[in-house]
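> sequence and computational prediction follow.
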Amino acid sequence: MAKWVGTAAGVAGAVLIAANIGAVGFGFVLFLISSLLWILVGWMHREPSLVVLQGAFTAINVLGIYRWMLA
């Protein structure tokens, strides 16, 4: 279930950012949800490379949320 929700959130986030409709911040929120779910999947399946990759994406997404929604 986490894989599918993470995938859907990632795709939806990409669509929001690519559409350039003024919803970039919300795209980063969806990317953050996706990354956190994929960290969970990586941890559950003992895939450290997936956890590290998604950890980096999480940091980038937090920066995006800060820049587009909070700053």
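Here it is on my side, so go on. Note that the structure is predicted; figures quoted are calculated from it, not measured. Numbers count the residues shown, from 1 in each chain.

> now do the same contact list for the most centrally placed residue in the chain.
With distances taken as CA atoms, centre = their mean, residue 31 lies nearest the centre of the chain, 2.2 Å away. Counting by CB atoms under 8 Å, 6 or more residues apart in numbering, residue 31 touches 9, 10, 13, 14, 57, 61, 64. Any C-beta I mention is one placed from the backbone N, CA and C, and that applies to glycine too.

> from these, which land in strands?
Judged by DSSP state E, strands contain none of those.

> and those residues, which are buried?
Buried residues within the contacts of residue 31, counting neighbours by 16 or more other CB atoms under 10 Å: 9, 10, 13, 57, 61, 64.

> just the helices in this structure please.
2-19, 24-44, 48-65 (DSSP state H).

> in the first one, what counts as buried?
When you say that, I think you mean helix 2-19. Quick answer for helix 2-19 (16+ other CB under 10 Å): 6, 9, 10, 12, 13, 16, 17.

> quick one: that helix to chain centroid distance?
How far helix 2-19 lies from its chain's middle: 8 Å, per CA atoms, centre = their mean, to the nearest Å.

> list the contacts of the nearest residue to residue 43 once chain neighbours are set aside.
Nearest residue to residue 43, sequence neighbours excluded (CB to CB, 6 or more residues apart in numbering): residue 51, at 5.8 Å. Listed by CB under 8 Å, 6+ apart, the contact set of residue 51 reads 39, 42, 43.
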